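Asks: With the input below, show me the fold.
(one chain, ligands or ions: 1)
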Amino acid sequence: MSFPARRLRRLRATPATRRLVAETRLSPDDLVAPLFVRQGIAEPRPIPSLPGVFQHTVDSLCTEAKRLGSLGVPGIVLFGVPERKDPFGSEASDPKGIAQVALRAVRDAVGDDLVVMADLCLDEYTDHGHCGLVGPDGRVDNDSTLERYKEVAVAQAEAGAAVVAPSGMMDGQVAAIRAGLDESGHSEVAILAYSAKYASALYGPFREAVEVTIAGGGDRRSYQQDFHNAAEALAEVRLDLEEGADMVMVKPGVTYLDVLAAVAASVEAPVAAYQVSGEYAMVKAAAERGYLDGEAVALEQLTALKRAGAAFVLTYFAAEVAELLGA
Ligand code: PBG
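Replies: As a prediction, the model looks like this:
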C-alpha cells in the first residue's frame, strides 16, 4: 500500500487550525452599504425584489447609517430617488434635491465616523432613464453630460459627500469631476470611479429600487462595457487613474471575479467590487425557498471578492453580514 507524501488535510483538521492558516479574512471593515433615500415618503418602503432593503426617508436613513456605524461598517453609498424627473436630471444637482438634503442630514448624524459616499449619475433623475443627456439624434451625448456631472459633483461635495462615485461610464468623467471639485474648493473630496462597469442584466432589482425605466425599452450598451470583454476593463481603470481617480471599482463583482483579479493585480490604488442588486436578490430568493443557506453563501461570495483582490465590497448584505461577523 502506498501513502500520499503530503497530507494537506492536516491543516484543515480543526476550526482553530483553519483560522490560523486562513489567507483571506472578512470583517465589517470590508463592507460598504448602498442606501436609497426617496423624496416624498413618510415611512421607509420595502423594495420587493431586494428583501431587507428599503427606500428610506431622510430620518430612517440617518438611523440606518448610525446602526451601520455601530456594527463596524466604515462606509455607505447613497442613491437619491426624486419625485420629479426631467430630461436633464435637474434634481441631481439641485442643492434642495433629495440626495443633497439627505447627504447633509446623514453627514450631520455621523460626522466622520462613516465615509459618506454619493453615487454620481443622472439615471435616477432623468425621465428617459439614461445615465447622461440624450441628444436630438436619440443618443446619449458624452461631452454635454460631463458638464452635468461636474455640477452634480459640486452639489454633492457642498452637501457633505466625502467621496463621489461616478457610475455613468462617460469617457472623461473622472477628469471633468476632478476639475469641477478642485475649481470649487473641494480638493479634499475623493473619487471612487465605477471604472469597469458592465452592461448587466443583474441591475434589474436596483432599477426597481430607484424607479428607473429606460425609455423605449432601451439599454446602456452604448456606454457600459460589453461583458464579452475583459481587456478593456484594464484600459478603463488606467484612464480613470490617469484622470485622477483615488479608487476604482469593478461591477458587478461576483460574476466578474476574473476582471477583478486582473484589475487588482495591475494597480496600486484600492479596488472596490460591487456585489450588485441581482447578485443579492438571487441569494435571497433561493434562501427564501430553502434552496440554499443565504448567510453561508453571502459569506462565501464576499470572501471570494476579497480573495480576488477587492479592498472593499459594496453590498446589500453589509448590515446582515457585519452583524454575523460581530456575533
Ligand atoms: C447607475 C447605477 C446602477 C447601479 C449603480 N449605479 C444601475 C445601472 O447602471 O443601470 C446598479 C447597482 C445594483 O444593481 O445594485 N446610477
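Asks: Number of residues surrounding Thr17?
Replies: 12 (other Cβ atoms under 10 Å). Any C-beta I mention is one placed from the backbone N, CA and C, and that applies to glycine too.
Asks: So it is in contact with Leu8, correct?
Replies: No: judged on Cβ atoms under 8 Å, Thr17 makes no contact with Leu8 at a distance of 11.7 Å.
Asks: Could you check which residue of the stretch 1-150 of the chain lies nearest the ligand?
Replies: Per Cβ to the nearest ligand atom, Cys121 is where the stretch 1-150 of the chain lies closest to the ligand, at 3.4 Å.
Asks: Which parts of the chain are helices?
Replies: For the chain, the helices defined by DSSP state H occupy 15-21, 58-70, 98-110, 142-158, 173-183, 204-209, 231-243, 257-266, 277-288, 294-307, 318-326.
Asks: and the fifth one, what other elements does it pack with?
Replies: Just to be clear, that refers to helix 173-183. If you count contacts as 3 or more Cβ pairs under 8 Å, 6 or more residues apart in numbering; DSSP states H and E, helix 173-183 packs onto helix 142-158, strand 163-166, strand 190-197, helix 231-243.
Asks: Give me the angle between the third one and helix 142-158.
Replies: This points to strand 190-197. 140 degrees (axes from the mean of the first three to the mean of the last three Cα atoms, to 10 degrees).
Asks: If you average the pLDDT over strand 190-197, what comes out?
Replies: What strand 190-197 shows for mean pLDDT is 98.
Asks: Parallel or antiparallel, which strands does that strand pair with?
Replies: The sheet places strand 190-197 alongside strand 163-166 (parallel), strand 247-251 (parallel), with pairing taken from DSSP bridges.
Asks: Report the buried residues of the shortest one.
Replies: Neighbour-count burial for strand 163-166 flags 163-166 (criterion: 16 or more other Cβ atoms under 10 Å).
Asks: same check, this time on stretch 166-180
Replies: 166-170, 173-178, 180.
Asks: near the ligand, from those?
Replies: Ser167 (Cβ under 6 Å from any ligand atom).
Asks: Which of the buried residues of stretch 166-180 sits closest to Val259?
Replies: Closest approach to Val259 among the buried residues of stretch 166-180 (Cβ to Cβ): Met169, at 14.5 Å.
Asks: Quick one: list the elements packing against the lowest-mean-pLDDT helix or strand in the chain.
Replies: None of the helices or strands of the chain scores lower by mean pLDDT, DSSP states H and E than helix 204-209, at a mean of 94. If you count contacts as 3+ Cβ pairs under 8 Å, 6+ apart, helix 204-209 packs onto helix 277-288.
Asks: Switch the helices of the chain over to CSV; also include distance to Pro87.
Replies: CSV is the format used below for those (distance: least, Cβ to Cβ, whole Å):
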stretch, distance to Pro87
helix 15-21, 55
helix 58-70, 26
helix 98-110, 18
helix 142-158, 11
helix 173-183, 19
helix 204-209, 18
helix 231-243, 27
helix 257-266, 33
helix 277-288, 25
helix 294-307, 37
helix 318-326, 34
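Asks: closest to Leu31 out of the ones you listed?
Replies: Taking those one by one with Cβ to Cβ, helix 318-326 is closest: 4.2 Å.
Asks: Can you point out the buried residues in that closest one?
Replies: Taking 16+ other Cβ under 10 Å as the criterion, helix 318-326 shows 318-325 as buried.
Asks: Is there proximity between it and the ligand?
Replies: No: contact between helix 318-326 and the ligand is absent, the nearest approach being 12.3 Å (criterion: Cβ under 6 Å from any ligand atom).
Asks: So what touches that helix?
Replies: For helix 318-326, contacts defined as Cβ atoms under 8 Å, 6 or more residues apart in numbering pick out 26-28, 31-34, 52, 64, 67-68, 71-73, 295, 298-299, 302, 315.
Asks: any idea of the mean pLDDT for it?
Replies: For helix 318-326, mean pLDDT is 97.
Asks: For this structure, list the residues in contact with the ligand, please.
Replies: Taking Cβ under 6 Å from any ligand atom as the contact definition, the chain meets the ligand at 119, 121, 123, 131, 167, 203, 206, 220, 276-277.
Asks: and which of these is nearest Ala105?
Replies: For the residues of the chain next to the ligand, the nearest to Ala105 is Asp119 (16.7 Å; Cβ to Cβ).
Asks: Would you mind listing the residues in contact with the closest one?
Replies: 34, 77-79, 165, 167.
Asks: mind running it again at 7 Å?
Replies: 77-79, 165, 167 (Cβ atoms under 7 Å, 6 or more residues apart in numbering).
Asks: what stretches of the chain score poorly on pLDDT?
Replies: 1, 327 (pLDDT under 70).
Asks: let's see it at 90
Replies: Scanning the chain for pLDDT under 90 picks out 1-6, 216-218, 327.
Asks: List the buried residues for stretch 56-69?
Replies: By neighbour count on 16+ other Cβ under 10 Å, the buried set for stretch 56-69 is 56-58, 60-62, 64-65, 68-69.
Asks: whoops, I mixed them up, stretch 213-226
Replies: Going by neighbour count (16+ other Cβ under 10 Å), the buried part of stretch 213-226 is 220, 223-225.
Asks: Lovely, talk soon.
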